[in-house]
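Student: Curious how this folds, go ahead:
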Amino acid sequence: MGRLFLMHLEGKVYSCKHCHTHLGVAADIISKAFHCKHGKAYLFNKVVNVNVGVKDDRVMITGIHTVSDIFCVGCGSIVGWKYVAAHEKSQRYKEGKFILERYKVSGPDGSNYWITHDAHVGGSDVDDV
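Tutor: Alright, predicted model coming up:
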């Protein structure tokens, strides 16, 4: 397998809630207005220390997107997904960007996000309200 080298980030860091591997910094957040089946999700311009899974077409609130789940390299937990392609022209800004689900990561202050009763149960994507 080889030796695992992890990127260590500085600043306001979001990390895996299971193993505390650094995943992204607050400065790379594009939007905090996204939602997933577990509640809030943040759109990041870039993330580190993740493996990208296989491509999958998913129906989301804003249309069909080709996405790949992303996994923490430290523990293998799914922490979000990568937008590979958007089928709607207006959604193409998401291509190459990453979603980190707040339920699956710890915030910069070490806080965890918990599922609320009003969390979306259906698809996952930006809240268009």
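Student: Any idea which helix or strand in this protein has the lowest mean pLDDT?
Tutor: The weakest-scoring helix or strand in the chain, judged by mean pLDDT, DSSP states H and E, is strand 125-126 (a mean of 47).
Student: Okay, helices next: where are they in the protein?
Tutor: With helices called from DSSP state H, the chain shows none.
Student: middle-most residue in the chain, spatially?
Tutor: L100 (1.9 Å; CA atoms, centre = their mean).
Student: Ends of stretch 13-26, what's the gap?
Tutor: One end of stretch 13-26 to the other measures 6 Å (CA to CA, to the nearest Å).
Student: Stretch 21-41 too?
Tutor: Stretch 21-41: ends 18 Å apart by CA to CA.
Student: in that stretch, what's buried?
Tutor: Using 16 or more other CB atoms under 10 Å as the test for burial, stretch 21-41 gives 21-25, 28, 34-36, 38-41. All C-beta atoms are positioned from the backbone trio N, CA, C, and that covers glycine.
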